[in-house]
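[1] need a 3D model of the sequence below.
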Amino acid sequence: MGFKKALLFFSLFVCIESDIKLSKTNSLDSLDRFIQLSGNNVRSINDNYLIDIYAGNKFDNIAGLQFETIGKDFSLVRASGGLAEASGFNFYPGSGGVILAFSLEGKIISANTVNKPLITLEVKKHTKKSADLKLKTIIAGEKGVKLESIFSPLNLK
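    Numbers count the residues shown, from 1 in each chain. Okay, here's the model as predicted:
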């Protein structure tokens, strides 16, 4: 399946909106439901970085992932491994550095698997200066429900 078909398939199930907006009815306690994403185990390979992405996810099964860099200092090259690969997800790199990952067979990543990498991203850095990697993330739960997520920026030197 090509990237455009994968994006169409993924977006049929998820509302494409990445900004986190808390309404007046939401409290800070609701942030506990957010999937906390962070990068760890950073290693350099062929002028790129491999970064394991971990998800603090206690509540919801994950059925799909979308990652996109914010800004011009980085681009996503590819994705592989982690719980996504072990769960049978397919990876779809797109133009502009967007990465999609989901299973065409409806497989999921179970909630509460916080001690294992969710996915490994290969990232290209376009500046020689120290810069923060910021990712726009969209995570889909079962039946295409959008799960709120927050990525903690990661400084790469």
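
[2] quick check: bridge partners of the residue positioned nearest the centre of the chain?
    When C-alpha atoms, centre = their mean is applied to the chain, the residue found nearest the centroid is F67 (4.3 Å). Under the criterion DSSP bridges, F67 forms beta bridges with I99, T137.

[3] list the neighbouring strands of the longest strand along the chain plus their orientation.
    Longest strand in the chain, counting residues (DSSP state E): strand 35-45. Strand 35-45 sits in its sheet next to strand 48-56 (antiparallel), strand 149-151 (parallel), going by DSSP bridges.

[4] quick one: which of those strands is nearest A101?
    Of all the strands paired with strand 35-45, it is strand 48-56 that lies closest to A101, at 10.5 Å by C-beta to C-beta. For the C-beta atoms, the positions are set from N, CA and C on the backbone; glycine is no exception.

[5] thinking again about what came up before, dump the C-alpha coordinates for the longest strand of the chain into CSV.
    Below are the C-alpha coordinates for strand 35-45, written out as CSV (Å, rounded to 0.1, in the frame of the first residue of the first chain):
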residue,chain,number,x,y,z
ILE,A,35,-0.4,9.3,26.4
GLN,A,36,3.0,10.7,27.5
LEU,A,37,5.6,10.2,24.7
SER,A,38,9.3,10.6,25.2
GLY,A,39,12.5,9.8,23.4
ASN,A,40,15.2,7.7,24.9
ASN,A,41,18.2,5.6,24.0
VAL,A,42,19.4,8.1,21.3
ARG,A,43,22.2,6.8,19.1
SER,A,44,23.9,8.1,16.0
ILE,A,45,24.1,6.1,12.8
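
[6] all helices for the protein, in order.
    Using DSSP state H, the helices of the chain run over 3-13, 82-86.

[7] hey, least reliable of those helices by pLDDT?
    The stretch with the lowest mean pLDDT among the helices of the chain is helix 3-13, at a mean of 57.

[8] where does the protein have low pLDDT?
    For the chain, applying pLDDT under 70 flags the ranges 1, 3-32.

[9] now for the residue nearest to the centre of the chain: which residues touch it?
    Applying C-beta atoms under 8 Å, 6 or more residues apart in numbering to F67 gives the contacts I53, L76, A79, V98, I99, I119, L121, L135, K136, T137.
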